[in-house]
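K.L.:
From the sequence below, what's the structure:
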Amino acid sequence: MTNPFVGNWSYRSFLNDPDLGKAANDLLFGEGTIAIVEQSETELSGTIGGPGWSLNLRGSFAYGSPMQVRFQGKGVVGGEQWIYDYIGWLVPVWPNSTDRLEVPAIVGSVVRTIPHSGSGGGTNPAGVVASFYAVRAG
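P.N.:
Numbering: from 1, shown residues only. As a prediction, the model looks like this:
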């Protein structure tokens, strides 16, 4: 069986904020590209990153309904250690859609594991949780 998580994914995450008055762009937590490679029958590695940042990924996937992926991203960004943890599930194929209309996607959750500096001189605290989706990009 071909590992369905291997490949490149376009990633976006959003803060979990119930205020419907906020614009979607104000909830953006992160965006970038995930590149996943298979290390063994159950282990994955790769990178997640965008302009000015990149984290090395290490994790695993599991069969099930839906299939699950879990990894940790670590890297040094701007001289500081960044660590984020991710868990996601592969969206099952919809029987009433088509390959042309449905793009494979992973939906899940991300948590900032350790604090790091933020824009404007502040600190981005550990423990902030956001929801993410990643769409197959190739």
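K.L.:
Contacts for stretch 34-44, please.
P.N.:
3, 5-11, 45-48, 57-62, 69, 71, 134 (Cβ atoms under 8 Å, 6 or more residues apart in numbering). In this view, the C-beta of every residue, glycine as well, is placed from N, C-alpha and C.
K.L.:
If we use 10 Å, what do you get?
P.N.:
With contacts defined as Cβ atoms under 10 Å, 6 or more residues apart in numbering, stretch 34-44 is touched by 1-11, 45-49, 54-55, 57-63, 69-71, 73, 86, 88, 106, 132, 134, 136-138.
K.L.:
got the buried residues for it?
P.N.:
By 16 or more other Cβ atoms under 10 Å, the buried positions in stretch 34-44 come out as 34-36, 44.
K.L.:
what's the answer for stretch 66-85, then?
P.N.:
Result for stretch 66-85 [16+ other Cβ under 10 Å]: buried residues 67-69, 71, 73-75, 82-85.
K.L.:
possible to save those residues as CSV with distance to residue 113 and secondary structure?
P.N.:
Converted to CSV, these look like this (distance: Cβ to Cβ, whole Å; DSSP: H, G, I helix; E, B strand; the rest coil):
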residue, distance to residue 113, secondary structure
67, 23, coil
68, 19, strand
69, 17, strand
71, 12, strand
73, 9, strand
74, 9, strand
75, 12, strand
82, 9, strand
83, 4, strand
84, 6, strand
85, 5, strand
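K.L.:
if we take those residues, which one ends up nearest to residue 128?
P.N.:
residue 84 (9.8 Å; Cβ to Cβ).
K.L.:
so which pair among the buried residues of stretch 66-85 is furthest apart in space?
P.N.:
Pairwise distances across those peak at 26.7 Å for 67 and 82 (criterion: Cβ to Cβ).
K.L.:
ok, the residue of the chain most remote from its centre to residue 102 distance?
P.N.:
Most distant residue from the mean C-alpha position of the chain: residue 96, 26.8 Å away (Cα atoms, centre = their mean). Counting by Cβ to Cβ, to the nearest Å, the separation of residue 96 from residue 102 is 10 Å.
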